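Asks: Provided below for reference: sequence and predicted model.
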Amino acid sequence: MSKRKIFFVSFLILAAGLAAAAQRMVNFGGARGYLALPRGGGRHPAVIVIQEWWGLNGWIKQRADLLAAQGYVALAPDLYHGRLATTPRQAMALMRSFNVARGLRDLQSAYLYLRHLSAVRPHHIGALGWCFGGGMAMRFARRQPGLRALAVYYGELPPPGQLGPFAAKIRAPMLGNFGGADRSIPPAEVRQLAADLRAAGRHPEIKIYPGMPHAFAHLTTPAGRAAARDAWRRTLRFLRRHLQS
């Protein structure tokens with residue numbers, strides 16, 4: 001095969017891949033998101049996948065794909081509406097300018113979109129978020145009692161004095177993965193959140209990983225990779241128990 005033909009075939013393969021990726025972006029209620037569907041027909045449980053402070057980047061889309069491979073319809077809303085950060089400074093600026101009320105409306109639109117999607121079991125929808133997205137997942141769970149499961153990675157917590165009222169409004173079963181060396185979310189506050197949830201009659205599954213910093217799901221050290229694998233296994237078991245039954 002000539003170099004020209006090889007180039008042309010490669011171009012077609014790339015174009016097909018890009019087209020497939022573009023087909024996964026869907027619109028709902030004035031928002032957009034990345035939709036990953038599992039193989040096979042019928043109806044499936046669904047997960048709203050909530051971005052980190054970087055925005056709807058490749059890593060979040062990969063999480064949605066991994067969930068789809070496990071049999072979930074996964075929808076990752078673009079809460080920054082097309083904006084992305086590649087440096088902490090950019091991410092901080094995006095997060096500071098973020099409109100929380102609009103973000104919660106976008107999450108509600110995502111929830112309603114999934115409720116009415118033919119591929120989804122409408123009463124088997126959960127939410128999963130990391131960092132900024134973990135905090136948004138908890139806020140959303142307080143407003144949407146229809147969620148069947150809430151999984152959080154080191155999500156931002158309210159001030160200690162507000163933890164009790166905050167936890168009392170979370171009705172969905174909750175799993176939390178937190179770092180023992182996280183300076184932004186102290187373990188003492190995580191333990192208080194767990195206690196407040198139990199006081200509200202909930203049974204949270206919260207684990208604090210010793211020595212792990214914030215965002216340990218991205219670590220490449222042996223200890224970091226081990227913690228990330230364990231947290232992901234816990235998350236999948238939790239979602240399976242609460243969404244697939």
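Replies: Yep, that arrived.

Asks: After the helix or strand of the chain with the lowest mean pLDDT, which helix or strand is next?
Replies: Of the helices and strands making up the chain, the lowest-confidence element is helix 3-23, at a mean of 38, by mean pLDDT, DSSP states H and E. Read in the C-terminal direction, the helix or strand following helix 3-23 is strand 25-28, with elements assigned using DSSP states H and E.

Asks: Tell me how many other residues crowd residue 69.
Replies: Other residues near residue 69 number 12, with proximity taken as other C-beta atoms under 10 Å. (C-beta placed from N, C-alpha, C; glycine too.)

Asks: Repeat that for the one 5 residues further on.
Replies: Per other C-beta under 10 Å, the neighbour tally for residue 74 reads 28.

Asks: beta partners for it?
Replies: As for beta bridges, residue 74 partners with residue 36, residue 47 under DSSP bridges.

Asks: wait, what's in contact with it?
Replies: 35, 36, 46, 47, 49, 63, 64, 65, 67, 68 (C-beta atoms under 8 Å, 6 or more residues apart in numbering).

Asks: ditto for residue 125
Replies: Residue 125 sits next to 45, 46, 47, 48, 111, 114, 115, 146, 147, 148, 243 when contact means C-beta under 8 Å, 6+ apart.

Asks: Repeat the analysis, applying 7 Å as the threshold.
Replies: Listed by C-beta atoms under 7 Å, 6 or more residues apart in numbering, the contact set of residue 125 reads 46, 48, 111, 114, 115, 146, 147, 148.

Asks: picking up where we left off before, with distance to residue 195 added, can I get the contacts of residue 74 in JSON lines?
Replies: Output for the contacts of residue 74, formatted as JSON lines (distance: C-beta to C-beta, whole Å):
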{"residue": "35", "distance to residue 195": "37"}
{"residue": "36", "distance to residue 195": "36"}
{"residue": "46", "distance to residue 195": "31"}
{"residue": "47", "distance to residue 195": "27"}
{"residue": "49", "distance to residue 195": "28"}
{"residue": "63", "distance to residue 195": "29"}
{"residue": "64", "distance to residue 195": "33"}
{"residue": "65", "distance to residue 195": "36"}
{"residue": "67", "distance to residue 195": "30"}
{"residue": "68", "distance to residue 195": "35"}
